[in-house]
Structure formats: C-alpha cells, structure tokens
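In: sequence first, then the predicted structure, then my questions.
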Amino acid sequence: MAENIRLEIVTPKKSVVSEDVRIVVAPGTLGEFGVLVGHTPFLTTLKVGSVRYTDKNGGEQQIFVSGGFAEALPDKVTILAESAERRADIDIERAKSALKRAQQRMEEAKQKENIDYARARAALERALRRLSLVDAR
Amino acid sequence: MPTLKDVQLKIAGVKKTKQITKAMNMVAASKLRGAQSDMDAFRPYAGKFAEVLGSLAEKAGEEASPLLVPRTEVRKINIVLCTSDRGLCGGFNTNLVTAAKKIIREKNAEDTEVTLTAFGKKGRDWARKNGIAIDEEYLGVVGSRFDFSTAANAGRKLVERFLDEEYDEVYAVYAEFQSAARQVPVLKQLLPIPPIESAAEEEAADEDQPYLAEHICEPAAAELLGEMLPRNIYVQLFSALLETSTSEHAARMAAMDNATKACNDMIDSLTLTYNKARQAAITADLMDIVGGAEALKG
C-alpha cells in the first residue's frame, strides 16, 4: 500500500478530523476531486456535500461539510469548513426540521419574490445533504 | 453612634453581599475557561485562513475585489461596537464606549456620518441615550457561547451594505483579551480590507519563491479571493466577538474579586466597631452597678 496522506478538517469550533488516510474525495465547486499522497499543490472552494475518505485501516468514512475551501499539498490536505460533522454527529431531528423550515420559506419566497430565496435554498441544500449522508450506508 | 443591633444587621447584610460576589466570581471564572477554550479551538482555523488568504492576495493582486479598494470620498461609516449584555464587570464597557466615542468624535469632525452595529446591550443603551443611529443590534451574543453563523450573518449584512455603498468604511471596536488581568479596547478596520500582510511572505523569502506559486487554483486565484474575502470579514468578526466575550468574563471575575475583598475589609471594620460598642456597653453597665453599690453603702 502506498504512503498515507494527512487529512485535516477544521471548523471555527473545533478540529473534526486529523489523521493519516489513504485517499480523500471532496466536493469541489467545479467538480468532485480525489487526492492521493503526492498531489500537486491545489486550492479550491468546496460546495455543500460530503468529504469521503479511506482511513489507514481501509475503513470508509464520510464527513458532511457545509462548503468552505480545501488546500491540497503533496503530503497534506487541509479543509476549512464553516461546519463539518461526522455521520454519527449529525442531528437528524434538527436537519429534518431545518428541511421543513427551508421548504416553507422557499414557498413563501416564491410568492413574494423575496431575495431570501437564495438563502432558503442554501439551507435546504444543507439539510438534504446531511440527511442523505445519514441514509447512505 | 449606631446601636449594637444596627451594626449587627449591617454585618449580616455585607456577608450576604459577599456570598453573591463570591458566587459571581466563580461563575465568571468557569465561563472564562469555556470562552478561552472556544478561542483556542478557533485558532487553527483562523491561522490557516490567514495563511491561505495572505498568499492568495499576493498572487491575485489588489484590484481583485471591491472589498479591497479604499473609497476616495468617505461619507458614511459603520462601527461594530462589541460590549457585554450585563454589567457588574468593572470598567469594561466604559472603556469600550470611550474608545468608540473617540473615533465617532474624530469622524464627526470630518463631517462623516456614523452609524453603529451594536453587539451587546450596554453599547446599544449608550448609543440610544446619546442619539447615535443603530443600524443593527445583536443581543445575547457576547458572553454566551455563539456559533460562527452568528458572526457570518452579521458580517454578510456589513459586506452587502458596503458593496451597496451604504457604508464607505466599517470599523470594529472590541476588547482584546491579553490576559485574565488585562483587556484592551481595540479599534480595527474591517472594510475596505486593509492590505493583507502575508505571514507566508517572510518564510517564502528564504525559499526564493512565494508560497502559493505552484498551486493550481480552481476557480482562478482572483475568483477564489473574491470568495474568501467576505468570509475573512466573518472570521474577523467572530474572532472579535470571541475576544470580547472572553474579556467580559475576565473583567467580571476581577471586578467580583475586588468586591469580595472590599466586603471582607468592611466586615472586619464593622466587627471592630461592633466589639468596641459592646465593650463600651459592658463598661457602662459595670459603672452603673459599681455606682449603685457605692450608693447603697452610703
């Protein structure tokens, strides 16, 4: 097996992941990308979605990220996200109620042509992603 | 001359006050620890962010974003004043308000219109009383444990208004936490973003090439910078709020510590007064008895 690469996922509240992994797949704004050890230095923004990685024991892990950006170096990937949650840490009830709220707000926004539509959409996206990550086994 | 009963009541009262100040001291101490750990938790994020931003700005150039360009004519500015919601923390809020007052006076002298974004009740109340316009107010943030999204939402409004040319400059006044015994009010320019000094620059100088030289950027560096700059404001704001919260707890802890000491001093001196009065009463009684006995002997 090839060498491992260091993965750091940091949020303003805490460091969520800091471990050596085999491969990282992250949702870039311009498309999903995978990083192995020895990657060319690379900087990109992320969209809402999930970061997947294979840890050094071969286990598949998924982390929800609400956008942010990622920097890849030959021996290290750093992901700065406004929030990031491991699958087990996702609050399903909260995500569900956020989903409902966002849908409601989008309905209202449609009628009033409110500028808050974009924000409600973003909230909806986050909630959906959180929930789909929990469902996806 | 107060009677014995008066002094006794007074002592009991001061003791009760002392219990309260002591409890507040301990609560502040525990909240201070929490706030400090929040600050520590944020440091890796802020550090990495500044590093990437600095090198990106270098690569993309100054003209990459309207948030970087100073306005030639400054007509209206906004000051983000961070204060606490609650009092009993010594000169903490007074110091912050004094710092805000200073810049407002300077700006008013230049015929610049000043509005406030008030974090914390104390700063808001002060502004209301002095007829300073408040555009936004956020209560229940400073001193509690808040999320990054709080700073992001407030920051987004500032950035939007700056871009709409409602504001020409945005400043923040907050308390920098230097140590548990020292909190200093600081004035910091948020918008337009002052030239970003890159920490990487010095390191890179040794290696003979800028930090990000080889990075592939997706989207292009300028666009990436455009994405990151507003977020930089949120990061700055969040850090200012964290500093202010931590400072508030530290200030309250010190103030309550002083109050507890003052209570002790007062109890000591009151006890002395009480004992003196008690002695005087006993002496007087004795004199009476002795006088009575002498008279009976006659």
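Out: Happy to help now that I have it.
In: can you list the domains in chain A?
Out: Taking automatic domain parsing as the reference, chain A has its domains at A:5-87, A:90-135.
In: and the strands in the stretch 1-150 of chain B?
Out: Counting by DSSP state E, counting those that start in this stretch, the segments of the stretch 1-150 of chain B that form strands are B:76-82, B:113-119, B:134-138.
In: show me what the shortest one is packed up against.
Out: This points to strand B:134-138. Here strand B:134-138 is seen to pack against strand B:113-119, helix B:121-129, helix B:148-163 when contacts are counted using 3 or more C-beta pairs under 8 Å, 6 or more residues apart in numbering or on different chains; DSSP states H and E. For every residue, glycine as well, the C-beta is placed using N, CA and C.
In: so which of those comes closest to chain A?
Out: When the helices and strands packed on strand B:134-138 are ranked by proximity to chain A, the top entry is helix B:148-163, at 4.1 Å, counting by C-beta to the nearest C-beta.
In: so how far is the closest one off the chain centroid?
Out: Offset of helix B:148-163 from its chain centre (C-alpha atoms, centre = their mean, to the nearest Å): 20 Å.
In: and that helix, what's its mean pLDDT?
Out: Within the predicted structure, the mean pLDDT of helix B:148-163 is 92.
In: the longest helix seen in chain A: which residues count as buried?
Out: Across chain A, the longest stretch assigned as helix under DSSP state H is helix A:92-112. Of all the residues in helix A:92-112, those buried under the rule 16 or more other C-beta atoms under 10 Å in any protein chain shown are A:95, A:98-99, A:102, A:105-106, A:109.
In: ok, is it in contact with chain B or not?
Out: No: residues of helix A:92-112 are not located near chain B by C-beta under 8 Å from any C-beta of the partner chain, the shortest gap being 12.0 Å.
In: please apply the same query to stretch A:31-48.
Out: Yes: taking C-beta under 8 Å from any C-beta as the criterion, stretch A:31-48 and chain B are in contact, through A:40-45.
In: give me the buried entries from those residues.
Out: In terms of neighbour count (16+ other C-beta under 10 Å), the buried residues within these are A:42-45.
In: now, which of the residues you listed lie within strands?
Out: A:42-45 (DSSP state E).
In: from the chain's centre, how far out does stretch A:76-90 sit?
Out: Counting by C-alpha atoms, centre = their mean, stretch A:76-90 is centred 6 Å from the centre of its parent chain.
In: now it: buried residues?
Out: Residues of stretch A:76-90 classed as buried: A:77-85, A:90 (neighbour count, 16+ other C-beta under 10 Å).
In: inside strands: which ones of those?
Out: The subset of these located in strands under the criterion DSSP E comprises A:77-81, A:84-85.
In: want to throw those into TSV with pLDDT?
Out: Output for those, formatted as TSV (pLDDT from 0 to 100):
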residue	pLDDT
A:Val77	91
A:Thr78	91
A:Ile79	92
A:Leu80	92
A:Ala81	91
A:Ala84	90
A:Glu85	89
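In: how many neighbours does B:Ala133 have?
Out: By the other C-beta atoms under 10 Å in any protein chain shown criterion, the neighbourhood of B:Ala133 contains 11 residues.
In: ok, now which ones touch it?
Out: B:Ala133 sits next to B:114-116, B:127 when contact means C-beta atoms under 8 Å, 6 or more residues apart in numbering or on different chains.
In: before we move on, back to that, between the buried ones among the residues of stretch A:31-48 next to chain B, which is closest to A:Glu71?
Out: Lowest distance from A:Glu71 to these (C-beta to C-beta) belongs to A:Leu43, with 5.1 Å.
In: for the stretch 151-298 of chain B, which residues are neighbours of chain A?
Out: For the stretch 151-298 of chain B, the contact set with chain A under C-beta under 8 Å from any C-beta comprises B:152, B:212, B:214-219, B:224, B:227-228, B:235, B:238.
In: if we go to 10 Å?
Out: Contact residues (C-beta under 10 Å from any C-beta of the partner chain) of the stretch 151-298 of chain B with chain A: B:151-153, B:156, B:160, B:211-219, B:221, B:223-224, B:227-228, B:231, B:234-235, B:238-239, B:242.
In: in PyMOL, select just the buried ones from these.
Out: Command for PyMOL that selects the buried part of those, burial taken from 16+ other C-beta under 10 Å:
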select buried, chain B and resi 151+152+156+211+212+215+217+218+221+223+224+227+228+231+234+235+238+239+242
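In: check which helix or strand covers the residue nearest to B:Gly155 when sequence neighbours are not counted.
Out: The shortest distance from B:Gly155 to any residue other than its chain neighbours is 4.0 Å, reached at B:Tyr234 (C-beta to C-beta, 6 or more residues apart in numbering or on different chains). Assigned by DSSP states H and E, B:Tyr234 falls within helix B:221-297.
In: average model confidence for that helix?
Out: Taken as a whole, helix B:221-297 has an average pLDDT of 92.
In: what's the angle from it to strand A:76-81?
Out: Here helix B:221-297 points in a direction 70 degrees away from that of strand A:76-81 (axes from the mean of the first three to the mean of the last three C-alpha atoms, to 10 degrees).
In: how far does helix B:221-297 sit from its chain's centre?
Out: In terms of C-alpha atoms, centre = their mean, the gap separating the centre of helix B:221-297 from the centre of its chain is 20 Å.
In: compute the inter-axis angle for it and strand B:76-82.
Out: With the same axes, to 10 degrees defining the directions, helix B:221-297 sits at 50 degrees from strand B:76-82.
In: verify the stated contact: B:Thr83 with B:Phe119.
Out: Yes: the pair B:Thr83 and B:Phe119 passes the contact test of C-beta atoms under 10 Å, sitting 6.9 Å apart.
In: how about CSV for the domains of chain A, with distance to B:Asp265 added?
Out: Below are the domains of chain A laid out as CSV (distance: least, C-beta to C-beta, whole Å):
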stretch, distance to B:Asp265
domain A:5-87, 43
domain A:90-135, 51
